[in-house]
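Student: sequence first, then the predicted structure, then my questions.
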Amino acid sequence: NAGVTQTPKFQVLKTGQSMTLQCAQDMNHNSMYWYRQDPGMGLRLIYYSASEGTTDKGEVPNGYNVSRLNKREFSLRLESAAPSQTSVYFCASSEFESYEQYFGPGTRLTVT
Amino acid sequence: GEDVEQSLFLSVREGDSSVINCTYTDSSSTYLYWYKQEPGAGLQLLTYIFSNMDMKQDQRLTVLLNKKDKHLSLRIADTQTGDSAIYFCAESGANNLFFGTGTRLTVIP
């Protein structure tokens, strides 16, 4: 069991570029989440997917889009990256909403 | 949304006990969690407590829950240098977990 995997591990973008962060889980979990982590601010939820075929906004969705491609995969897209999106991004999954979450290793994104 | 608060830093000497505190706002939370984040890694679930419990012990870890005061604590006995990390508490909401800002624990040899 790989658990939750994320690619890439590191990325540098220029302002205005786009990219997609990939996430996959092999635990047959129904719910998946995208967070960003900034110093002194803990984890903030960007988007989540309670089950395959559904997505909902979290606390900080502006500037992001998501796709729940199938039960295993949940991607996060930045259409036009901004320096304020420099952060560490974590994907997580859980069997159901509000159950314990399992986290990926993170993607460190820098936007210059 | 829910507000989960933790102090940002804690330093202890190796071999002492560490106590990390957390306050939360949603009295209807079913579960409360403690996660550990080591440098450069994701969060790992350490332990959790069901809301109808006052205490849970798991080897060196003791979780205390005071529902009246909405206060959660994590005690680590015999703290080791490998315990140096950021510790997050989280409360369960209707759709999600709500995380505190994290407490950075530094263990001094």
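Tutor: Yep, that arrived.
Student: residues of stretch B:24-39 that come out buried?
Tutor: B:24, B:26, B:29, B:32-37 (16 or more other CB atoms under 10 Å in any protein chain shown). Where C-beta positions appear, they are placed from N, C-alpha and C, glycine not excepted.
Student: likewise for stretch B:6-21?
Tutor: B:6, B:10, B:12, B:18, B:20-21.
Student: can you check the pLDDT for B:Ala94?
Tutor: Listed pLDDT for B:Ala94 reads 77.
Student: which residues does the helix or strand bottoming out on mean pLDDT in chain B contact?
Tutor: Least confident helix or strand of chain B, by mean pLDDT, DSSP states H and E, is strand B:97-99 with a mean of 89. Residues outside strand B:97-99 that contact it (CB atoms under 8 Å, 6 or more residues apart in numbering or on different chains): A:42-43, A:98, A:100-101, B:1-4, B:24, B:26, B:33, B:35, B:88-91.
Student: kindly export the following helix or strand past that strand (C-alpha atoms) in CSV.
Tutor: Using DSSP states H and E, the helix or strand that directly follows strand B:97-99 along the chain is strand B:103-108. Output in CSV follows, covering the C-alpha atoms of strand B:103-108 (Å, rounded to 0.1, in the frame of the first residue of the first chain):
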residue,chain,number,x,y,z
THR,B,103,2.7,23.5,18.0
ARG,B,104,6.3,23.1,17.2
LEU,B,105,7.9,20.9,19.8
THR,B,106,11.6,21.2,20.3
VAL,B,107,13.4,18.6,22.4
ILE,B,108,16.6,19.7,23.9
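Student: restricted to buried residues, select the contacts of strand B:97-99 in ChimeraX.
Tutor: To isolate the buried ones among those in ChimeraX, judged by 16+ other CB under 10 Å, type:
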select /A:42,43,98,100,101 /B:4,24,26,33,35,88,89,90,91
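Student: tell me which entries of the contacts of strand B:97-99 lie within strands.
Tutor: Mapping the contacts of strand B:97-99 onto strands (DSSP state E) picks out A:43, B:33, B:35, B:88-91.
Student: and which of the buried residues of stretch B:24-39 is nearest A:Val12?
Tutor: Distance to A:Val12, by CB to CB, is smallest for B:Gln37 among the buried residues of stretch B:24-39, at 22.9 Å.
Student: mind checking pLDDT for that closest one?
Tutor: 95.
Student: kindly report the same for the one 4 residues further on.
Tutor: According to the per-residue confidence, B:Ala41 scores 89 in pLDDT.
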